[in-house]
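Enquirer: Got a predicted structure plus its sequence, pasted below:
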Amino acid sequence: MWLKSSQEFSKTDIEEIKDIGKDVKDLAKDMVGKAKEKLDDIATAELVQQTVTERLPKAAVGPKGKGWEKTIKKIKKDAPEVDNPWALAWWMKDKGYKPGGKK
């Protein structure tokens with residue numbers, strides 16, 4: 001297809017070109033809208049993750065340091081009446097206890 005000069009376009013050609021331009025513009029708007037939705041979803045997910053991480057009680061995660069995992073497992077095994085062994089482990093650490101039952 002050879003390109004026409006602007007004088008060779010008929011009114012029909014010009015209308016078709018305008019319609020194509022509108023279609024492309026609408027498609028671009030849709031794509032931008034979908035991209036914004038995705039970005040909003042990603043931002044929301046990151047915000048939720050950050051909020052959960054910041055507000056996650058430290059009792060849900062055992063104390064850091066060597067030996068506390070074994071202590072928590074031992075509490076679970078030997079004291080089933082303890083509802084939250086992680087909270088107990090944190091309390092023990094805050095009171096100066098060392099893992100393995102040493103103070």
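Expert: Nice, thanks for sending it over. What you see is a predicted model; the values in this text were computed from it and never measured.
Enquirer: For residue 68, grab the count of nearby residues.
Expert: 20 (other CB atoms under 10 Å). Quick note: C-beta positions are derived from backbone N, CA and C, even for glycine.
Enquirer: Hmm, residue 93 and it touching each other?
Expert: Yes - with contact defined as CB atoms under 8 Å, residue 68 and residue 93 form a contacting pair (7.2 Å).
Enquirer: Distance from the chain centre to stretch 85-94, please.
Expert: Remark: stretch 85-94 is offset 29 Å from the chain centroid, using CA atoms, centre = their mean, to the nearest Å.
Enquirer: wait, isn't residue 93 in contact with residue 67?
Expert: No - between residue 93 and residue 67 there is no contact under CB under 8 Å: 10.5 Å.
Enquirer: Looking at the two, which one has more neighbours?
Expert: Set residue 93 next to residue 67 and count neighbours by other CB under 10 Å: residue 93 wins out with 17 against 12.
Enquirer: Could I get the contacting residues of the residue nearest to the more buried one when sequence neighbours are not counted?
Expert: With sequence-adjacent residues excluded and distances taken as CB to CB, 6 or more residues apart in numbering, residue 93 is closest to residue 63, at 4.4 Å. For residue 63, the contacting residues are 89-90, 93, by CB atoms under 8 Å, 6 or more residues apart in numbering.
Enquirer: what about 10 Å?
Expert: Going by CB atoms under 10 Å, 6 or more residues apart in numbering, residue 63 touches 69, 71-72, 86, 89-94, 97, 99.
Enquirer: Would you mind checking those for buried ones?
Expert: 71-72, 86, 89-90, 92-93, 97, 99 (16 or more other CB atoms under 10 Å).
Enquirer: Assign residue 100 to helix, strand or coil.
Expert: coil (DSSP: H, G, I helix; E, B strand; the rest coil).
Enquirer: gap between it and residue 80?
Expert: 20 Å (CB to CB, to the nearest Å).
Enquirer: Which element, helix or strand, includes the nearest residue to residue 92 once chain neighbours are set aside?
Expert: In this structure, residue 92 finds its nearest non-sequential neighbour in residue 71, 7.5 Å apart by CB to CB, 6+ apart. Assigned by DSSP states H and E, residue 71 belongs to helix 68-78.
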